[in-house]
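Novice: pasting the structure only:
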């Protein structure tokens, strides 16, 4: 396996660079465009993408970004390692100004299974940055999973140095009930059915609403027990959080296969999944 730490150093630098651009836009009136699929796009998405792409270009690895060019599946699946990026995950939350949006950068590596419709790669590193709170979640394979407060005070430090000052995940949490984190924007009958199933199994169940990939991090850090997602997401929405959950001893399972989610599928739309 490639030494992942230098690549993680670059991913953290890229996340901070994106965060700086995002907060500059966030401080002013926000102009919103609509993409072809009617999803919102802001200047922050574009500027964050440009900042991340410039930083990750130094690694020589391909970048697959929500706001970038998308190659064919045959071209993508020929990659050994690549970056999977969502410059602003939770654009709706950004527009609402509730702070629940993130920069997602995942390092992807070819897995040992045959490439096909359901994918060819898995995440081996993840950086998830919360600009408004200056909180950084990061992890790399066999290196652990971490949460770092006042993260930009560590700008220019290595991932290893940042990890030494961060809290390792999961962290101790006092909870009186089985806690399920749910999407603020995407309720569904399947999610309701999952909650009812957990109520039968655990008795008292608490639910927490949250935007963006922060939901995955709540499970990774131990603030919640499960995040069921029975609504559409794209690969760049989940990959960084998936890496962070994996290294925290959690799992992100594709409910259609019962196995950990694979990435670089022919269609970059995810299947339904559960993090627990």
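Specialist: Now that the structure is in, tell me what you want to look at. Note that this is a predicted model, so its numbers are computed, not measured.
Novice: What residues sit buried inside the longest helix belonging to the chain?
Specialist: Counting residues, the longest helix found in the chain (DSSP state H) is helix 5-26. For helix 5-26, the neighbour count (16 or more other Cβ atoms under 10 Å) marks 7-19, 21-22, 25-26 as buried. Using the backbone N, CA and C atoms, a C-beta is placed for each residue, glycine as well.
Novice: Now the following helix or strand past it: average pLDDT?
Specialist: As assigned by DSSP states H and E, the chain's next helix or strand after helix 5-26 is strand 32-34. What strand 32-34 shows for mean pLDDT is 84.
Novice: The stretch 151-276 of the chain: helices as residue ranges?
Specialist: Applying DSSP state H, counting those that start in this stretch to the stretch 151-276 of the chain gives helices spanning 159-165, 189-202, 214-221, 235-247.
Novice: out of those helices, nearest to residue 275?
Specialist: For these, the distance to residue 275 is smallest for helix 214-221, at 4.7 Å, taking Cβ to Cβ.
Novice: Output the contacting helices and strands for the closest one.
Specialist: Applying 3 or more Cβ pairs under 8 Å, 6 or more residues apart in numbering; DSSP states H and E, we find helix 214-221 packed against strand 121-130, strand 135-140, strand 144-148, strand 178-183, strand 227-229, helix 235-247, strand 273-275.
Novice: and the longest helix of the chain, what's its mean pLDDT?
Specialist: The pLDDT scores in helix 5-26 average 96.
Novice: ok now do residue 249, which residues does it touch?
Specialist: residue 170 (Cβ atoms under 8 Å, 6 or more residues apart in numbering).
Novice: distance of it from residue 25?
Specialist: 36 Å (Cβ to Cβ, to the nearest Å).
Novice: cool, and residue 183?
Specialist: Distance, residue 183 to residue 25, using Cβ to Cβ: 24 Å.
Novice: same question, residue 234
Specialist: 22 Å.
Novice: can you check residue 196 too?
Specialist: Between residue 196 and residue 25 the distance is 41 Å, computed by Cβ to Cβ.
Novice: give me the number of residues near the residue lying closest to residue 208 once chain neighbours are set aside?
Specialist: What sits nearest to residue 208 in space, not counting adjacent residues and going by Cβ to Cβ, 6 or more residues apart in numbering, is residue 181, at 4.8 Å. The tally of other residues near residue 181 (other Cβ atoms under 10 Å) stands at 23.
Novice: now swap in residue 221 and tell me
Specialist: Residue 221 is flanked by 23 other residues according to other Cβ under 10 Å.
Novice: Show the contacting residues for it.
Specialist: Contacts of residue 221 by Cβ under 8 Å, 6+ apart are 137, 147, 169, 170, 171, 173, 248.
Novice: Provide the backbone phi and psi angles at the nearest residue to it once chain neighbours are set aside.
Specialist: Spatial nearest neighbour of residue 221, excluding adjacent residues (Cβ to Cβ, 6+ apart): residue 169 at 4.9 Å. Per-residue torsions, residue 169: phi -100, psi 150 (degrees, to the nearest 10).
Novice: Residue 138 is in contact with residue 169, correct?
Specialist: No - Residue 169 is beyond contact range of residue 138, at 9.9 Å (criterion: Cβ atoms under 8 Å).
Novice: Would you mind telling me which of the two has the busier surroundings?
Specialist: residue 138 (30 against 23).
Novice: And the spatially closest residue to residue 268 that is not a sequence neighbour, how far from residue 91?
Specialist: If the residues on either side of it in the chain are set aside, residue 268 comes closest to residue 235, at 4.8 Å by Cβ to Cβ, 6+ apart. With distances taken as Cβ to Cβ, residue 235 is found 16 Å from residue 91.
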